[in-house]
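Novice: Structure for the following, please:
(4 chains)
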Number of protein chains: 4
Amino acid sequence: MQDTWSFTILGEDKRLFYTAEALRSLGHSVECTAEHLAECDILLLPVPVSRDGVTVNTADIRLDTLSSTVRRDCRVFCGMPRSEVSDLFFKRGIRLYDYAAREEFAVRNAVPTAEGAAEILLRTLPVTLRGARIFITGYGRCARACARLFTAMGARVTVAARRCSALAMANADGYNSVYLRELPRCIGEADAVVNTVPAPVLGETVLSAMRRNCPIVEIASAPYGVDTALAAEYGITVLPAPSLPGKVAPKTAGIIIADTVLNILREGSE
Amino acid sequence: MQDTWSFTILGEDKRLFYTAEALRSLGHSVECTAEHLAECDILLLPVPVSRDGVTVNTADIRLDTLSSTVRRDCRVFCGMPRSEVSDLFFKRGIRLYDYAAREEFAVRNAVPTAEGAAEILLRTLPVTLRGARIFITGYGRCARACARLFTAMGARVTVAARRCSALAMANADGYNSVYLRELPRCIGEADAVVNTVPAPVLGETVLSAMRRNCPIVEIASAPYGVDTALAAEYGITVLPAPSLPGKVAPKTAGIIIADTVLNILREGSE
Amino acid sequence: MQDTWSFTILGEDKRLFYTAEALRSLGHSVECTAEHLAECDILLLPVPVSRDGVTVNTADIRLDTLSSTVRRDCRVFCGMPRSEVSDLFFKRGIRLYDYAAREEFAVRNAVPTAEGAAEILLRTLPVTLRGARIFITGYGRCARACARLFTAMGARVTVAARRCSALAMANADGYNSVYLRELPRCIGEADAVVNTVPAPVLGETVLSAMRRNCPIVEIASAPYGVDTALAAEYGITVLPAPSLPGKVAPKTAGIIIADTVLNILREGSE
Amino acid sequence: MQDTWSFTILGEDKRLFYTAEALRSLGHSVECTAEHLAECDILLLPVPVSRDGVTVNTADIRLDTLSSTVRRDCRVFCGMPRSEVSDLFFKRGIRLYDYAAREEFAVRNAVPTAEGAAEILLRTLPVTLRGARIFITGYGRCARACARLFTAMGARVTVAARRCSALAMANADGYNSVYLRELPRCIGEADAVVNTVPAPVLGETVLSAMRRNCPIVEIASAPYGVDTALAAEYGITVLPAPSLPGKVAPKTAGIIIADTVLNILREGSE
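Specialist: So this is what the prediction gives:
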C-alpha cells in the first residue's frame, strides 16, 4: 500500500487551504498552482467543483482546459460534479472521484453544520438556547447532529419526521418526536424551527400555526422546506444557511476533505 | 380508523404485565386468561414466543392448541417466531405479526439495553464510569445507545467497527474510533469492553492484548463476540448480558411492546 | 403576602423591555414613562444604573431629579449603583435595592454569558468546537457555566485555577484541571482561552507559550485577565466580551431581572 | 519540597488497598503491617477511623496501642475521628489529620456517590432512567453530582431546596427547581426521590403525596431525610445507601484518599 502521494490543489476555497495544510502535515507533497498540471498525479478540486459548468469554482481556470491538460492516468477528485463536468473527463478516460458523495464526508460535515445552525440561533434568538424549544424537521445526518448538539446545550428538541421508524429512532435518541402531519397542532410552542428536509414540508398550515417571532433556519439544499415569500406573509423570518461547514469551520471541513480523499486513495491501492 | 381494540394476552412475562397496563390506560380492553380464546380478536404473545417450539414461553399452553382454537380472523402478535411456529398459524390462514422485527421495537429497546450494560459496569468495575475507558465493538443500534449513554456518564468511549462509514459516523457522534483490526494495538488501555457484534470479533490476538482485570460485557446474541472459555485462559471475565430490556426495565419494555403492536394495528387499519 | 405590584420602569435597555413584558404577563401593572413618577410605588432602573453618575443609563433623566421626585416610601431597584448614586437616595430616606448583587441574578446570568462565549468561539475558530481544546481560567459561576456548555458541545475543557479545592471541584465536574502556575507548561495545546478572572492571570510567560492563532475571549470585568497590547506583541488576538447576557439573550436577561426583583419584593413582604 | 514519603497503612478496607497501590505507583514506599509501627513516618488509617471508638475500623488493633507506639513526630492520617480518638493522639502531641474533612475529598467522592445512586435506580426502577422523573432534595455536592449524572442519562431532574440561591443555581445548572415547602404539591409525579439532606425533609405531608411505587434513595448520613418506618406506613420503600464510594468504586475512592493525603503533605512541606 502506497503511503504518500503528490497532490495538485486548485481553487481559492478556504477549506482547500486547510486541506493542503493537513495533507502536508501527513507527509504528502502538495502544489497549489496550475503550473505543472500536465505532470500531476492527483488533482484536487473544490466542492462544488463548478458553479457555472465552465470554470472551476473559486479558480480562474476552465474545466475543459483542465481535462485536456492532465494525463490520462491522473486521478481527479472533486465535489458534486454535474453530468456535463463528469462527461468532460470521462470522454478522455480520466477517472473522476466525487469525494462529497462519500458517506464519511457527509456524516462528518454534519457536525460543523449543526454548529453553524447553533451559532445562528445563539445570534438570533432573544432567549438562551438553554430552555428554548427547537423543532427540527427530518431525521437524517444533519438533523441528528443538530438534535444532539441543541439538546446538549439545554434546548428542548422535538423532531418532526414522516416515517414511524425515524420517530422511534429520534425517541430512542432522547428527543420528543411528532409526525410531520401533526406539526400544525404543536408547532405553536416552538421558539425556533430548523429545517433539514429538501422538500416543502413547512406549508401554509404550519406557518399559520407558528408564532410571529419564531424564525426558521433553512439548512436544506434546494428544493427548500419553506417558501421564503410565503413565510414573510405570515410574518415569519427565514434564515438561509447554506454550506455551513466551509463558513463555520473551514479548517475542520478542509481536514474532512483530506481524510476522505485519502480514504478513497487507500481503498484503491489495497 | 379504529380507535380501541380488545386484546387477549398470554404469558407470565413481566413485560406483558406492563403491556396490559399500558393498553388498558389507553382505553383498550385486555384479558389475561385463555378462557375466551375462541372469541378473541387480537392475541398477544411473548418475545420469544416459544423456547421449545411447542408451548408458549412463560405460559402453560401449547401452540397447536392455540392455533386450532382461535378464530381465523384473529390477529396474532408475537416476538421472534421460528418457522415451525409460523407454519402452525399460516396453515390455518391466521395472520401472525412479529412485533420484535419492527424497526421501532429494536431502536427503542436499545435504550434499556444500554442502561442494563451501564448497570453491570457500575456494579463490576472498581473505578467510576466517569473517566473509565470503554471500548464498544460494532456500531449498530445497541452500540450507539451504549456509546451515547457511557459518554454522557463521563466515560471515554472508543468504538471499534469494521467499515469506514461506521467509523466516520462514530466520529461524527463524538467518539474515538478504530478499525476492529487495529484492536490488538490499542485495547490494552481499556477498562472494560462491551461487545455488540454477533460474530467472533474478540479472538486470541485481542484477548492477549487486554488487561487481566478488564471485563467483557457480552450484549450480542449468539454467535457471540467472544469465546468464554478462551477468555478464561487469558484471565478475562466475560459477563453475559442477554435480553436486558425485560430485566432492567420491564415496564418500559412492556410499553414498547404495546406501542409497537398499536403501530402495526393502526397502519393495518388506515 | 402581596401578589401583584405596580412598577415604573425607566431606561431603553432591551432587557428592561422584556422585564416589563414578563411582569405584565404575571399580572403586575407596568408603566414605562416618567409621567407619574411622583406617585409610583416601585421604580425599576437599568444595570448599571448610570454610566456617568449623573443620568440614568439609556434614559434621558437625571438621577437627582429622580431622587427628589419619587415618594419617600417608593422602592427603587437598580443594578450596580456606585456610592454617589446610593447616597442621593439614602439622603432622602428612600430604599434602594441592588438586584445585580443578588446571588440568583449572578448565577442565572452565567448561562447567557456562557452562550455568548460559545457564539464568539463558533464564529471565530476555524475548527469545530467539537474536539477543540478550550482552556478556562477561574472556576466561579461564569467559568462553571462555560465549562459545562463547551463540554456538552464536545470541546475538551481544561480549567486553570489557583486553589486546590477549585481544581478538585472542576475535576469532580468532569474537566481536566491545572494550577494557574502550570499554564505555561500546557497552554501550548489550547485552541482558545476564555478568561473569567478579573486579575492579570495571563501574563508574558503564558502568552509566550500560546499558539499564535489561539484567541483569548475576555469575559471578566476590569481589571482584565490579559493586557490587550501585550497580547498583540505576541500575535495573540483578544476578543473582549463584556455584558454578554443583555446582548446574547436580552429576553432571558430581562426575565432574570423580573424574577430577581420579585424575589426581593416577596421576601420583603413575607 | 519533598517528593516521596514512607507510609504505613492499617485497615482491611478495600479502598486502602487501592490507596497503597496508587501511592506505590507514584514512587512512595508503603507498608501494610503494624510490624515497624514504632519507626513509621506517616500512618494512614481508614475512614471512619473507628466504629467503636476503641479499635481501628477493619483492623485488629487498638487505637490506644497505636497512639502509644508511634513516634511523636509521626503524622497520622485518618477519616472522621471522633473527639475521643483525636484526644488519644493530641495528648501525646501527635499530629492527626482528618483527610475526610478536606474539600477536595468530599467533592471528588460525590462522583462515585452519584454513580452508586444511579446503579440503585437502574436496578430498582421498572422503567428506564431515560425519561424518568427524579426528585433530588438538597443542592450540596452530592446532590449536584446526582443531578448532573441523572440528567446526562436522560432523566428529568427536579431539585428541591430550601434557599432561593440554591434554586437559582440548580436552575442555572439546567434543572427544574422547587422549594422544599412546595414538594407536597408536585412530588406526586416523581418516579424516584433521592435524599441528600441530613434532616427530616420528607415528612408525612410529602410521603402522603407520593406514589406508592416511588422509592426513596437515602444518601444522606444520619439524621436521615425520611423515617423508614413512617414511609412504610405509606407504602413507600426507602433504599438506604450509605458510604457508596467505597462500595461502588473502591479503586477510585482509594485514589482519592491517596491524592488528598499527598495534597496535605505537599502543602505542609511547601
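
Novice: Contacts made by the worst-scoring helix or strand of chain A on mean pLDDT with the rest, please.
Specialist: Least confident helix or strand, chain A: helix A:164-172 with a mean of 89, by mean pLDDT, DSSP states H and E. Helix A:164-172 has contacts (Cβ atoms under 8 Å, 6 or more residues apart in numbering or on different chains) with A:139, A:147, A:159, A:161, A:176-179, B:102-105, B:107-108, B:110-111, B:141, B:145, B:263, B:267. All C-beta atoms are positioned from the backbone trio N, CA, C, and that covers glycine.

Novice: Just the pLDDT for the residue nearest to the spatial centre of chain A.
Specialist: Centroid-nearest residue in chain A, with Cα atoms, centre = their mean: A:Ser243, separated by 5.2 Å. Note on A:Ser243: pLDDT of 90.

Novice: For it, list the residues it contacts.
Specialist: A:Ser243 touches nothing, counting by Cβ under 8 Å, 6+ apart.

Novice: follow-up on the earlier one: just the ones in strands from the contacts of helix A:164-172, please.
Specialist: Among those, the members falling in strands (DSSP state E) are A:159, A:161, A:176-179.

Novice: Can you tell me which of the residues you listed are buried?
Specialist: Buried members of these, counted by 16 or more other Cβ atoms under 10 Å in any protein chain shown: A:159, A:161, A:176-178.

Novice: Up against chain D, what does chain A have?
Specialist: A:130, A:154, A:174 (Cβ under 8 Å from any Cβ of the partner chain).

Novice: Surely the last one is in a strand?
Specialist: Spelled out, it's A:Gly174. No: secondary structure assignment (DSSP: H, G, I helix; E, B strand; the rest coil) places A:Gly174 in coil, not in a strand.

Novice: That one - nearest residue in space that isn't next to it in sequence?
Specialist: D:Gly154 (5.2 Å; Cβ to Cβ, 6 or more residues apart in numbering or on different chains).

Novice: And the one you found, how far from B:Gly131?
Specialist: D:Gly154 sits 20 Å away from B:Gly131, going by Cβ to Cβ, to the nearest Å.

Novice: Same check on A:Asp3?
Specialist: Relative to B:Gly131, and taking Cβ to Cβ, A:Asp3 is found at 36 Å.

Novice: before we move on, what about A:Ile61?
Specialist: 52 Å.

Novice: Same question for A:Leu125.
Specialist: As judged by Cβ to Cβ, A:Leu125 and B:Gly131 stand 35 Å apart.

Novice: Which one's more surrounded, those two?
Specialist: The residue with more neighbours, out of A:Leu125 and B:Gly131, is A:Leu125; 22 against 16, by other Cβ atoms under 10 Å in any protein chain shown.

Novice: The biggest helix by length in chain A packs against which elements?
Specialist: Longest helix in chain A by number of residues (criterion: DSSP state H): helix A:103-124. Under the contact criterion of 3 or more Cβ pairs under 8 Å, 6 or more residues apart in numbering or on different chains; DSSP states H and E, helix A:103-124 touches helix A:141-152, strand A:192-195, strand A:216-218, helix A:244-248, helix A:250-269, helix B:164-172, helix C:103-124.

Novice: If you count neighbours, what's buried in it?
Specialist: Buried residues in helix A:103-124 (16+ other Cβ under 10 Å): A:104-122.

Novice: Let me know the average pLDDT across it.
Specialist: For helix A:103-124, mean pLDDT is 96.

Novice: Any idea how far that helix is from the middle of the chain?
Specialist: Taking Cα atoms, centre = their mean, to the nearest Å, one finds helix A:103-124 lying 8 Å from the centre of the chain it belongs to.

Novice: and the residue nearest to A:Tyr234 when sequence neighbours are not counted, what element?
Specialist: Computed as Cβ to Cβ, 6+ apart, the closest residue to A:Tyr234 that is not its neighbour in sequence is A:Leu207, at 4.4 Å. According to DSSP states H and E, A:Leu207 maps onto helix A:204-209.

Novice: Fine by me, thanks again.
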